[in-house]
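Colleague: from the sequence below, what's the structure:
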Amino acid sequence: MPQQVTMGAMLQCSFGVAPASLTVLPVNRVMAEGPPAATIEDYVPLVNIGSFGMCMSPANPAVAAATAAALGVLTPMPCVPVTVAPWAPGAGTMLIGNVPALDNVSRCMCTWGGIISVVDPATVRTNVP
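Modeller: Below you'll find the predicted structure:
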């Protein structure tokens with residue numbers, strides 16, 4: 001059963017080497033088990049979605065350049081997520097400020113090919129219909 005995601009949720013990128021936490025600005029004034037509840041609009045890089053340590057995606061220009069300089073040996077570079085679209089699909093039946101709530105089965109795509117998923121939603125009891 002999908003769970004509501006809140007501030008402090010742990011995220012993982014398929015090309016990242018470390019988890020990152022989700023930051024939710026309290027603009028909607030909706031709390032879930034204490035912290036602010038997230039929506040699908042909480043996808044802004046380095047504001048909502050932090051760095052995943054190092055990026056290993058060959059589609060990332062920094063990784064491609066470092067790999068080329070290392071004669072083809074994959075060389076990870078610092079992660080700067082490039083998310084340009086909201087989380088999908090979101091909770092279709094639960095709205096926060098007229099925007100679908102973010103649940104733990106939603107995904108966000110990075111321009112460099114990474115799939116960002118919720119590892120820990122930071123809620124225990126709040127299920128999303």
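Colleague: could the C-alpha coordinates of the helix or strand of the chain with the lowest mean pLDDT be exported in PDB?
Modeller: Lowest on mean pLDDT, DSSP states H and E among the helices and strands of the chain sits strand 91-96, with a mean of 88. Extracted C-alpha coordinates of strand 91-96, given in PDB (Å, rounded to 0.1, in the frame of the first residue of the first chain):
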ATOM      1  CA  ALA A  91      -1.300   9.800  -5.600                       C
ATOM      2  CA  GLY A  92      -4.200  10.400  -7.900                       C
ATOM      3  CA  THR A  93      -6.900  10.600  -5.200                       C
ATOM      4  CA  MET A  94      -5.100  12.700  -2.600                       C
ATOM      5  CA  LEU A  95      -4.400  16.400  -3.300                       C
ATOM      6  CA  ILE A  96      -2.300  18.800  -1.300                       C
END
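Colleague: and the next helix or strand after it, what's buried?
Modeller: As assigned by DSSP states H and E, the chain's next helix or strand after strand 91-96 is strand 99-101. Neighbour-count burial for strand 99-101 flags 100-101 (criterion: 16 or more other CB atoms under 10 Å). Just so you know, the C-beta spots here come from the backbone N, C-alpha and C atoms, and that holds for glycine as well.
Colleague: let me know the average pLDDT across strand 99-101.
Modeller: On average, the pLDDT along strand 99-101 is 94.
Colleague: who are the packing partners of that strand?
Modeller: Packing partners of strand 99-101 (3 or more CB pairs under 8 Å, 6 or more residues apart in numbering; DSSP states H and E): strand 91-96.
Colleague: what's the strand it packs on in contact with?
Modeller: With CB atoms under 8 Å, 6 or more residues apart in numbering as the test, strand 91-96 has contacts from 2, 4, 28, 30, 37, 39, 100-103, 128-129.
Colleague: where's that strand relative to the chain centroid, distance-wise?
Modeller: Taking CA atoms, centre = their mean, to the nearest Å, one finds strand 91-96 lying 18 Å from the centre of the chain it belongs to.
Colleague: kindly report the same for stretch 54-66.
Modeller: Distance of stretch 54-66 from its chain centroid, counting by CA atoms, centre = their mean, is 19 Å.
Colleague: same question for stretch 116-123.
Modeller: The answer for stretch 116-123 is 8 Å, by CA atoms, centre = their mean.
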